[in-house]
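Asks: A structural model of the following input is requested.
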Amino acid sequence: MVDVHIRTLARAAEIVGGPQALAFRLKVTPSHLSLWMGGLEPCPGHVFLMAVDLVLEREIALQKAPPVPKLEAQPSGESPGVN
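Replies: Now for the predicted structure:
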């Protein structure tokens, strides 16, 4: 179970911009977050659920976002939009 906590905290940190930003968002000290992310102490359940919420919000937002159109490759030497 610890592994899923560590991976969730790591993903949440990626989403919000790093461990410092995640600690701020979770309203915990960076030192506590470091212990939990390193697997040195168990992450409290309520903190883990807040991290899960951050990850899920991001994943849901990505699912709702319209797909990015693919750019077709231009033959060599031609610039897009130039006749």
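Asks: and Met37, how far is that from Val52?
Replies: 15 Å (Cβ to Cβ, to the nearest Å). Heads up, the C-betas are built off the backbone N, CA and C, glycines and all.
Asks: what about the two, which has more around it?
Replies: In this comparison of Met37 against Val52, neighbours counted by other Cβ atoms under 10 Å, the higher total goes to Met37 at 22 against 16.
Asks: residue contacts, that one?
Replies: Listed by Cβ atoms under 8 Å, 6 or more residues apart in numbering, the contact set of Met37 reads 6, 9-10, 13, 19.
Asks: let's go with 10 Å and repeat that
Replies: Contacts of Met37 were listed using Cβ atoms under 10 Å, 6 or more residues apart in numbering, and they are 5-10, 12-13, 19, 22-23, 30, 43.
Asks: swap in Arg7?
Replies: If you count contacts by Cβ under 10 Å, 6+ apart, Arg7 has them with 37, 55.
Asks: helices of this protein, residue ranges please.
Replies: With DSSP state H, the ranges of helices along the chain come out as 2-16, 19-26, 30-37, 45-64.
Asks: how about these in JSON lines, adding mean pLDDT and distance to Glu72?
Replies: Conversion of those to JSON lines gives the following (pLDDT from 0 to 100; distance: least, Cβ to Cβ, whole Å):
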{"stretch": "helix 2-16", "mean pLDDT": "96", "distance to Glu72": "31"}
{"stretch": "helix 19-26", "mean pLDDT": "98", "distance to Glu72": "38"}
{"stretch": "helix 30-37", "mean pLDDT": "98", "distance to Glu72": "43"}
{"stretch": "helix 45-64", "mean pLDDT": "94", "distance to Glu72": "24"}
